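In: Provide a 3D model corresponding to the input given below.
(2 chains)
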2 protein chains.
Amino acid sequence: MPNGKISMAVIRRLPKYHRYLQELLEKDVKRISSKELSEIIGFTASQIRQDLNNFGGFGQQGYGYNVEELFNEIAKILGLSKSYNTIIIGAGNMGQALANYTSFEKFGFHLNAMFDINPRLVGLKMRDVEVLDMHNIKAFLQESPTDIAFICTNRDGAQRVADQLVEGGVKAIWNFAPVDLKVPEDVIVENVHLIENLLTLSYFLKGIAKK
Amino acid sequence: MPNGKISMAVIRRLPKYHRYLQELLEKDVKRISSKELSEIIGFTASQIRQDLNNFGGFGQQGYGYNVEELFNEIAKILGLSKSYNTIIIGAGNMGQALANYTSFEKFGFHLNAMFDINPRLVGLKMRDVEVLDMHNIKAFLQESPTDIAFICTNRDGAQRVADQLVEGGVKAIWNFAPVDLKVPEDVIVENVHLIENLLTLSYFLKGIAKK
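Out: Next up, the predicted model:
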């Protein structure tokens, strides 16, 4: 098992390994060399060997990797042997879309509740999960310890929501609001800034147009 | 205006500058030093000066940056002085959520149509935009040149959709399907791999639990 520091770059590549290995498992592939893995995943073979060595190295000279073993090991490293309690704050478009992603459940992320301040949304249900009144978030978090909160509010509400979550003991925030949240050091934030993605596309498109 | 190569890292930071400068404009801030900008945006002042020098350097010694000028210049660099025709393929949860994001319109990204293969979705309307039958995509692209397509299909359908888009002349794809698309070199793909984001969170959560 991992010891010491693993670089952020390696950590960011792990979910990709996980995804490709899952596809191989579905195709009933039993073993794979770093060279073959390199061809499908797009990283170099030496990069792959280096990455996986970080976690103890599962390959065997002349055999390659046992797909199922490697998949299970990476899943464990990614924390997928546990399950996680999640909530969604903001039951608008994005909140609803995320609530309907059944694939999150398959990975062990269980959605326990949604919250909104809009009275017209409170009481609605998405896949058996009810939208609760945001005013009750404090009591909810006391009764139902929550691992991950998805923030799907607008820009202006997001920081206040984050403060309430942190106060309620939430240690991981998946933030879809277009704002950089200020949180204590022991709280993890992962951002999905859609507009920033889209602007990268327009930047490159502009380049094409000029040619 | 920019000449030569600008690094991907700089390009990725530009939308963030754009966002913070917009907020400053809304607060009616007229000018700002790289030091002040550094405090709100979180990059170092020297990083900021270096980044902006890539584009000709807009700051003046002892004055700092004119917020409006810098904002407009960055918007131009990001290609926001143009408008873009977009379509969404896949009118499920994520497709619908993106269709309802009115902020994309404000940045000049106009949604012209949505497509799906599901007959139950074809004919629906999201904000005046109709869901069309995916079988008609070829004819549509011939009549309505499209700059950016958002792929919001499931994993298995995504590559085939990408092929059809490329054939129809689409030069930029915003891909939400959990798959790495194969496209010609002159086509830009920007991925939003939600599951990979979420697994990064669980990786770090696992670390916290162990402490």
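
In: Quick check, A:Glu130 in contact with A:Ala113.
Out: Yes: if you go by Cβ atoms under 8 Å, A:Glu130 and A:Ala113 touch, sitting 6.5 Å apart. Every C-beta, even on glycine, is put in place using the N, C-alpha and C of the backbone.

In: out of the two, which sits in the busier spot?
Out: A:Ala113 (20 against 14; other Cβ atoms under 10 Å in any protein chain shown).

In: buried set for stretch A:27-44?
Out: Neighbour counts over stretch A:27-44 (16 or more other Cβ atoms under 10 Å in any protein chain shown) mark A:31-32, A:34, A:36-38, A:41, A:43 as buried.

In: what's the closest non-adjacent residue to A:Gly64?
Out: A:Ser33 (3.6 Å; Cβ to Cβ, 6 or more residues apart in numbering or on different chains).

In: meant to ask about A:Asp116
Out: A:Ala91 (4.2 Å).

In: Relative to chain B, how far out is the one you found?
Out: As judged by Cβ to the nearest Cβ, to the nearest Å, A:Ala91 and chain B stand 12 Å apart.

In: name the helices or strands packed onto the lengthiest strand in chain A?
Out: Using DSSP state E to define each element, chain A has its longest strand at strand A:109-116. The helices and strands touching strand A:109-116, judged by 3 or more Cβ pairs under 8 Å, 6 or more residues apart in numbering or on different chains; DSSP states H and E, are strand A:84-89, helix A:93-99, strand A:129-133, helix A:137-143.

In: who wins for proximity to B:Ile173 among those?
Out: Nearest to B:Ile173 among those is helix A:93-99; the distance by Cβ to Cβ comes to 19.1 Å.

In: residues making contact with stretch A:105-117?
Out: Contact partners of stretch A:105-117, identified using Cβ atoms under 8 Å, 6 or more residues apart in numbering or on different chains, comprise A:80, A:82-92, A:95, A:99, A:104, A:122, A:126-127, A:129-137, A:140, A:144, A:146, A:148, A:157, B:195, B:198-199, B:202.

In: From those residues, keep the buried residues only.
Out: The neighbour count (16+ other Cβ under 10 Å) marks A:80, A:84-92, A:95, A:99, A:104, A:122, A:126, A:129, A:131-132, A:134, A:137, A:140, A:146, A:148, A:157, B:195, B:198-199, B:202 as buried among the contacts of stretch A:105-117.

In: Check which residues of the helix or strand containing A:Leu70 are buried.
Out: Using DSSP states H and E, A:Leu70 sits in helix A:67-77. Buried residues in helix A:67-77, counted by 16+ other Cβ under 10 Å: A:67, A:70-75, A:77.

In: now the lengthiest helix in chain A: mean pLDDT?
Out: Criterion DSSP state H: the longest helix present in chain A is helix A:8-26. Here helix A:8-26 scores 92 as its mean pLDDT.

In: Equivalent analysis for stretch A:97-106, please.
Out: 91.

In: next one: stretch A:121-137
Out: On average, the pLDDT along stretch A:121-137 is 95.

In: Okay, now it: how far is its last residue from its first?
Out: Start to finish, the residues bounding stretch A:121-137 are 15 Å apart (Cα to Cα, to the nearest Å).

In: is that stretch up against chain B anywhere?
Out: No: counting by Cβ under 8 Å from any Cβ of the partner chain, no contacts exist between stretch A:121-137 and chain B, the nearest distance being 9.6 Å.

In: Pull out the buried positions in stretch A:114-121.
Out: By 16+ other Cβ under 10 Å, the buried positions in stretch A:114-121 come out as A:114-116, A:121.

In: ah, wrong one, I meant stretch A:48-56
Out: A:48-49, A:51-52, A:54-55.

In: got CSV for the helices and strands packed on strand A:109-116, with distance to A:Phe176 too?
Out: Formatted as CSV, the helices and strands packed on strand A:109-116 follow (distance: least, Cβ to Cβ, whole Å):
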stretch, distance to A:Phe176
strand A:84-89, 10
helix A:93-99, 5
strand A:129-133, 16
helix A:137-143, 17
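
In: Just tell me which of these ends up closest to B:Val170.
Out: helix A:93-99 (23.0 Å).

In: and the closest one, what does it pack onto?
Out: Against helix A:93-99 (3+ Cβ pairs under 8 Å, 6+ apart) you get strand A:84-89, strand A:109-116, helix B:93-99.

In: can I get these in a markdown table with distance to B:Pro15?
Out: Putting the helices and strands packed on helix A:93-99 into a markdown table (distance: least, Cβ to Cβ, whole Å) gives the following:
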| stretch | distance to B:Pro15 |
| --- | --- |
| strand A:84-89 | 24 |
| strand A:109-116 | 27 |
| helix B:93-99 | 17 |
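
In: Indicate which one of the ones you listed is closest to A:Arg19.
Out: Smallest distance to A:Arg19 across those (Cβ to Cβ): 15.6 Å, for strand A:109-116.

In: Thanks a lot, catch you later.
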